[in-house]
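Colleague: give the three-dimensional model of this entry:
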Amino acid sequence: MVKRLEINDFLAAPGPLLDVRSPAEYAQGRLPEAISYPLFDDAERAQVGTCYKRQGRDAAVELGFELLGPKLGAMVRQARAIAPDKTVRVHCWRGGMRSGGVAWGLQLAGFQVTTLVGGYKAFRRWVRQTFTTPRQIIVLGGMTGTGKTQILHALAALGEQVLDLEGCANHRGSSFGNLDLPPQPSTEQFENLLGDRLATLDPHRPLWIEAESRRVGTCCVPPELFQQMEAAPTLEIVRPEAERLDILVAVYGQTDRAELIAATERIRKRLGGQRTQQAIALIRQEAPREVCQIMLDYYDRAYRYDLDRREQVIPQIDVTGYSATTAAQLLIEKATFLALADRPSSD
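Modeller: Got it, this is the predicted structure:
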């Protein structure tokens, strides 16, 4: 018998997760563990949808079975390769005919099948709810090149709760942020990755998040989460310029020169024509440190402008000469001190 479970029980259930929606739907957004297992390809899905609109549900169902029939044997063989123990979870868009049809076929083939009540739409509602949960966020700020991402990873290695926005977005958050990284996910998939991560975290423990704008490349930070970040305390990492240049050269020193030039051209209006040409010339001359120096001048001015706009006093943590791990340890101590200072007096 096919089991139908609500989202929390479905996520905790055993077995590989098969997404039977079309490849285009899967590419737009999916459960993080899901394997694409389409009942129809994109053209077939469009064909069934057109049939539904023009001829009604019964005709569309009949067409769907006609399209499924020749595929069923291959789909069973594929499912056996994915799940040798014949236990799988299946979902579609709304938890309706597509997942029901696949579940029926796999059950006949001897599989234990669980489907998701409400389908992918139920998962999306669950994702959105994770962003509204109040959390004890600490924002990790600092100018470009201070090593915030490395420190964030060190905090995670020390057992702290961390949400890596840039890691989920495949972007470092600047014009150069996509260089040497995989393509960015859709904003929808970015949200899915964040929600999946947040669901594993304790809202009563501190959560470290790197300071970001509303957009990380093309991905938009969920507004409910961004509002919490805006209201959260911030600790600012401070390093001397020489160390920041070392960090930036280590990140971008081997990047393809044509891609660096293209990224520089993208900020020509803000950087200015003269400095843009100077930076491009230095890129061609294989002078990465000098290029990074020009970029630091630009990004430092933008950072200071944002601080002035916020009109906030942000505690600075000087990590000159510190490794990412040592800096993370210092941040944990500082965060603990701030928490004690904010605790109401017993008098």
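
Colleague: okay, domains of the protein per the record?
Modeller: Taking automatic domain parsing as the criterion, the chain consists of the domains 3-127, 134-342.

Colleague: could these go into TSV alongside mean neighbour count and mean pLDDT?
Modeller: C-beta coordinates here come from the backbone N, C-alpha and C atoms, glycine included. TSV is the format used below for the domains of the chain (neighbours: other Cβ atoms under 10 Å; pLDDT from 0 to 100):
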stretch	mean neighbour count	mean pLDDT
domain 3-127	17	92
domain 134-342	17	91
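
Colleague: mind giving me the packing neighbours of the top helix by length along the chain?
Modeller: Ordering each helix of the chain by length in residues (DSSP state H) puts helix 288-310 first. Applying 3 or more Cβ pairs under 8 Å, 6 or more residues apart in numbering; DSSP states H and E, one finds that helix 288-310 contacts helix 241-252, helix 268-271, helix 273-284.

Colleague: quick one, the last one and helix 288-310 angle?
Modeller: Comparing the axes of helix 273-284 and helix 288-310 via axes from the mean of the first three to the mean of the last three Cα atoms, to 10 degrees yields an angle of 140 degrees.

Colleague: what's helix 273-284 in contact with?
Modeller: Contact partners of helix 273-284, identified using Cβ atoms under 8 Å, 6 or more residues apart in numbering, comprise 257, 260-261, 264-265, 267-268, 271, 290-291, 294-295, 297-298.

Colleague: now for the residues you listed: which two are most distant?
Modeller: Using Cβ to Cβ, those span at most 20.7 Å, a distance reached by 257 and 297.

Colleague: tell me how many other residues surround the nearest residue to residue 224 once chain neighbours are set aside.
Modeller: Leaving out its chain neighbours, the residue that sits closest to residue 224 by Cβ to Cβ, 6 or more residues apart in numbering is residue 131, at 3.9 Å. By the criterion of other Cβ atoms under 10 Å, residue 131 has 19 neighbours.

Colleague: after the strand or helix carrying residue 131, which helix or strand is next?
Modeller: According to DSSP states H and E, residue 131 maps onto helix 119-132. Sequence order places strand 136-142 as the next helix or strand after helix 119-132, per DSSP H and E.

Colleague: output the contacting helices and strands for that following strand.
Modeller: Using 3+ Cβ pairs under 8 Å, 6+ apart: strand 136-142 touches helix 148-157, strand 206-210, helix 223-231, strand 234-238.

Colleague: any chance of these in TSV with distance to residue 76 as columns?
Modeller: Formatted as TSV, the helices and strands packed on strand 136-142 follow (distance: least, Cβ to Cβ, whole Å):
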stretch	distance to residue 76
helix 148-157	41
strand 206-210	44
helix 223-231	41
strand 234-238	54
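
Colleague: closest one to residue 53 among these?
Modeller: Here helix 223-231 is closest among the helices and strands packed on strand 136-142 (Cβ to Cβ), at 34.0 Å.

Colleague: helices or strands next to that closest one in the packing?
Modeller: By 3+ Cβ pairs under 8 Å, 6+ apart, helix 223-231 packs against helix 119-132, strand 136-142.

Colleague: now the ones you listed in a markdown table, with distance to residue 74?
Modeller: Below are the helices and strands packed on helix 223-231 laid out as a markdown table (distance: least, Cβ to Cβ, whole Å):
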| stretch | distance to residue 74 |
| --- | --- |
| helix 119-132 | 23 |
| strand 136-142 | 48 |
